[in-house]
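A.B. asks: could you look at this predicted model? Sequence included:
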Amino acid sequence: MYKLKLLLKNLLPAPLFSLYHLFLAHLGALVYGFPSRKLTVIGVTGTDGKSSTIEYINAIFEAAGHTTSLSNSIRVKIASHTESSTGRSMPGRFFIQRFMRRALDTKCTVAIVEMTSEGVKQHRHRAIELDCLVLTNLTPEHIESHGSFEAYANAKFEIGSALARSRKRPRVMVANADDAQSSRYLALSVEKVVGISLAGHAPWRADERGGSFTFKGQLVHVAIPGEFYVRNALAAAEVAGALGIGTQAIAEGIAAITAIPGRMQRVECGQDFGVVVDYALTPDALEKLYKTYGSQKKVCIFGCTGGGRDKWKRPVLGKLAEQYCDSVIITNDVAYGEDAKNIAEDVARDMQKKPEIILDRRIAIRRGIEIAASSSERHNTVVLITGMGIDTEITDANGVEVPWSDVEVAREELRGAQAARPL
């Protein structure tokens with residue numbers, strides 16, 4: 001199949017090659033018997049927050065007694081069976097149709113799927129009959145791939161159009177009303193439209209300890225720190241409420257999520273300062289992360305994905321780190337064949353105070369821990385390791401992908417630092 005795809009891509013004009021992708025989308029649905037027609041299918045799209053919103057929705061439906069399935073950038077879950085993600089936020093057409101077929105065959109009632117603009121380019125969203133769509137937010141990302149922010153936003157909105165085309169009833173659109181792009185989603189011709197804003201769910205709280213919001217008169221507790229996750233939990237609550245789930249199950253499901261791998265994940269080895277691993281890699285997500293720990297001294301360790309991807313944001317990330325963090329270490333993550341040193345220098349280009357550039361990510365993490373451990377304000381210091389989350393591979397100095405885990409490396413370096421302390 002891959003060789004056929006490569007041949008067609010080389011032989012056919014882009015519009016005709018797009019038809020090849022469209023054909024495969026409908027073929028996959030046909031082969032697996034159009035499983036989305038028999039499941040409650042909830043799509044989640046946006047620039048940031050898709051995976052965590054899916055985890056909250058899943059937990060709510062489980063608390064309500066449903067057998068659930070989900071596909072996001074963290075994992076693929078069908079009933080009680082969970083396996084690692086495919087590496088794509090939105091897998092290929094045959095994969096996702098087979099996933100829903102398996103969900104149906106194992107008596108799942110709900111499928112929650114991450115849907116992306118890159119997936120839209122290959123028609124992966126086609127032949128999926130949606131009951132509900134969530135828009136978390138929309139900020140500049142994948143600009144080189146789509147050609148402009150407008151094109152990126154239009155690709156995302158095609159998923160909204162897919163909801164409007166769905167034969168399901170009632171169709172539900174839930175959108176972050178505080179986002180500038182939400183208006184056209186909220187104008188979709190569907191049966192239920194819900195615009196969400198924390199301002200409408202007071203009293204609400206969000207800080208480095210977690211948060212809460214009020215939903216239909218009940219205070220809902222969110223264990224994961226930061227406004228970002230409180231907002232995603234609220235989106236999940238609105239989805240569940242619109243689809244008939246009771247308030248008690250909503251509160252229980254959200255409270256049950258005490259951690260999400262690679263998302264605000266604390267690494268504890270008995271140290272007297274914080275160490276947090278988070279997937280944040282866009283300017284908007286990183287700014288929200290930094291603000292969450294606004295009262296603390298922050299040591300940030302981050303890179304910027306290479307291979308010609310979103311070069312515009314590199315200096316933006318550097319300026320944000322300089323604005324919000326006390327110590328900045330720029331390192332390597334996934335360079336995709338581009339020189340990691342060039343990427344780091346792009347990030348540092350507009351910074352007034354030059355950061356430390358340590359391309360070996362392990363040594364960068366070690367250095368961040370060293371800075372925190374030597375601080376006179378250790379109890380008020382946090383090391384933020386961002387950009388990879390639970391990614392399992394990193395590009396080494398020779399451009400080779402090698403196994404990796406930010407959490408495990410941070411844990412090893414914390415143990416090493418403690419062992420090296422004088423008695």
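C.D. replies: Yes, it's here. Model, not experiment: these values are computed from the prediction.
A.B. asks: so what touches the helix or strand harbouring Val193?
C.D. replies: Here Val193, judged by DSSP states H and E, is contained in strand 192-196. Here strand 192-196 makes contact (CB atoms under 8 Å, 6 or more residues apart in numbering) with 170-177, 182, 186, 231, 234-235, 238, 242. Glycine gets a C-beta too; all of them are placed from N, C-alpha and C.
A.B. asks: if we go to 10 Å?
C.D. replies: 132, 134-136, 170-179, 182-183, 185-187, 231, 234-235, 237-239, 241-243 (CB atoms under 10 Å, 6 or more residues apart in numbering).
A.B. asks: cross the residues you listed against strands and list the overlap.
C.D. replies: The strands, defined by DSSP state E, take in Cys132, Val134, Leu135, Val172, Met173, Val174, Ala175, Asn176 from those.
A.B. asks: just send those residues back as JSON lines, with pLDDT and distance to Tyr279 too.
C.D. replies: JSON lines is the format used below for the ones in strands among the contacts of strand 192-196 (pLDDT from 0 to 100; distance: CB to CB, whole Å):
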{"residue": "Cys132", "pLDDT": "98", "distance to Tyr279": "24"}
{"residue": "Val134", "pLDDT": "98", "distance to Tyr279": "18"}
{"residue": "Leu135", "pLDDT": "98", "distance to Tyr279": "19"}
{"residue": "Val172", "pLDDT": "98", "distance to Tyr279": "27"}
{"residue": "Met173", "pLDDT": "98", "distance to Tyr279": "26"}
{"residue": "Val174", "pLDDT": "98", "distance to Tyr279": "22"}
{"residue": "Ala175", "pLDDT": "98", "distance to Tyr279": "22"}
{"residue": "Asn176", "pLDDT": "97", "distance to Tyr279": "18"}
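A.B. asks: re earlier: angle of the strand holding Val193 against strand 172-176?
C.D. replies: 10 degrees (axes from the mean of the first three to the mean of the last three CA atoms, to 10 degrees).
A.B. asks: before we move on, back to that, please pick the buried ones from the contacts of strand 192-196.
C.D. replies: Listed as buried from the contacts of strand 192-196 are 132, 134-136, 171-177, 179, 182, 185-186, 231, 234-235, 237-239, 241-243; burial here means 16 or more other CB atoms under 10 Å.
A.B. asks: which parts of the strand holding Val193 are buried?
C.D. replies: Val193, Val194, Gly195, Ile196.
A.B. asks: again with stretch 136-144
C.D. replies: Result for stretch 136-144 [16+ other CB under 10 Å]: buried residues Thr136, Asn137, Leu138, Thr139, Pro140, Glu141, His142, Ile143.
A.B. asks: where's the dip in pLDDT among those residues?
C.D. replies: Here the lowest pLDDT out of the buried residues of stretch 136-144 sits on His142, with 72.
A.B. asks: how near is that residue to Pro355?
C.D. replies: Per CB to CB, to the nearest Å, His142 is found 26 Å from Pro355.
A.B. asks: ok, Arg266 next?
C.D. replies: In terms of CB to CB, Arg266 sits 24 Å off from Pro355.
A.B. asks: which of those two has more neighbours?
C.D. replies: A count of neighbours by other CB atoms under 10 Å puts Pro355 above the other of Arg266 and Pro355, at 19 against 14.
A.B. asks: contacts only, for the more buried one.
C.D. replies: Pro355 neighbours (CB under 10 Å, 6+ apart): 300, 302, 318, 321-322, 325, 327-330, 344, 347-348.
A.B. asks: in helices, which of those fall?
C.D. replies: Gly318, Ala321, Glu322, Ala344, Val347, Ala348 (DSSP state H).
A.B. asks: touching, the fifth one and Lys313? I think so.
C.D. replies: Yes - taking CB atoms under 10 Å as the definition, Val347 is a contact partner of Lys313 at 9.1 Å.
A.B. asks: what is in contact with these two at once?
C.D. replies: Cys304.
A.B. asks: who has more neighbours, those two?
C.D. replies: Shown here are Val347 and Lys313; by other CB under 10 Å, Val347 has more neighbours (25 against 22).
A.B. asks: contacts only, for the more buried one.
C.D. replies: Val347 neighbours (CB under 10 Å, 6+ apart): 302-304, 313-319, 321, 328, 330-331, 355, 357.
A.B. asks: which of the residues you listed lies closest to Tyr152?
C.D. replies: Ranked by distance to Tyr152 (CB to CB), the contacts of Val347 are led by Lys313 at 12.8 Å.
A.B. asks: count the residues that sit near the residue nearest to the closest one when sequence neighbours are not counted.
C.D. replies: Excluding its sequence neighbours, the residue lying closest to Lys313 (CB to CB, 6 or more residues apart in numbering) is Pro283, at 5.9 Å. For Pro283, the count of nearby residues is 18 (other CB under 10 Å).
A.B. asks: same check, this time on Val402
C.D. replies: Neighbours of Val402 using other CB under 10 Å come to 10.
A.B. asks: who does it bridge with?
C.D. replies: Residues in a beta bridge with Val402, per DSSP bridges, are Ile394.
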